[in-house]
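Peer 1: got a predicted model here, sequence first, then my questions.
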Amino acid sequence: MAFLRYLIALLAVGGMVVSGLALRVHLQDPNAAPPCAVTEKWDCGAVNHSRFAVFPAASFGEDPRHGKHIPVAVLGLGGYLLIAVLALTKLDFFAFEAAQIGLFFAGILSYLEAFVLEKWCIYCVWSQTIIAVITIVAAINYLVVRNRRKLIY
């Protein structure tokens with residue numbers, strides 16, 4: 001369904017914006033107060049400057065902004081872009097699979113925020129919500145398209 005594909009792409013653009021905001025905080029000087037440091041539990045600066053803000057995770061004592069690490073926000077930007085392209089090119093199954101992979105990684109990051117860092121990033125929570133909604137919409141879209149094809153043949 002065209003409407004659902006466009007909705008997936010629109011949500012993915014929103015995810016790219018949120019990932020861009022998280023990347024901005026990641027690249028910011030750790031000593032500067034990030035715009036999203038709300039409380040002791042909600043501090044995107046602490047999350048985005050942690051060793052888990054890059055892939056692979058930085059070693060203890062290593063500055064995660066330097067070295068051979070890719071910021072997680074960059075991976076988010078790329079993942080959302082891929083989902084949007086797959087949805088708009090009518091590759092419904094692959095858009096759904098990419099969304100599931102994104103949701104899996106968002107779950108890992110949520111676990112790290114909740115139980116390891118014990119701090120939350122508002123941009124990360126927005127991104128986790130967006131990828132969850134994309135996964136649901138992509139699943140519905142894939143099921144509708146698949147069932148429609150079964151009826152035609």
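Peer 2: Ah, there it is. Numbers count the residues shown, from 1 in each chain.
Peer 1: where do the strands sit along this protein?
Peer 2: Assigned by DSSP state E, the strands in the chain fall at 54-55, 70-71.
Peer 1: quick one: the helices in the chain?
Peer 2: Along the chain, counting by DSSP state H, helices occupy 2-27, 44-48, 72-88, 92-111, 122-152.
Peer 1: okay if I get those helices as TSV plus distance to Ala37, mean pLDDT and mean neighbour count?
Peer 2: (C-beta placed from N, C-alpha, C; glycine too.) Converted to TSV, the helices of the chain look like this (distance: least, C-beta to C-beta, whole Å; pLDDT from 0 to 100; neighbours: other C-beta atoms under 10 Å):
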stretch	distance to Ala37	mean pLDDT	mean neighbour count
helix 2-27	9	96	19
helix 44-48	5	90	25
helix 72-88	17	98	21
helix 92-111	18	97	18
helix 122-152	10	91	17
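Peer 1: just put those helices in a markdown table and tack on distance to Gly61.
Peer 2: Converted to a markdown table, those look like this (distance: least, C-beta to C-beta, whole Å):
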| stretch | distance to Gly61 |
| --- | --- |
| helix 2-27 | 18 |
| helix 44-48 | 16 |
| helix 72-88 | 19 |
| helix 92-111 | 22 |
| helix 122-152 | 23 |
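Peer 1: of all the ones you listed, which lies closest to Asp63?
Peer 2: helix 2-27 (11.5 Å; C-beta to C-beta).
Peer 1: now for the closest one, which elements pack on it?
Peer 2: helix 44-48, strand 70-71, helix 72-88, helix 92-111, helix 122-152 (3 or more C-beta pairs under 8 Å, 6 or more residues apart in numbering; DSSP states H and E).
Peer 1: ok, now with 7 Å
Peer 2: helix 44-48, helix 72-88, helix 122-152 (3 or more C-beta pairs under 7 Å, 6 or more residues apart in numbering; DSSP states H and E).
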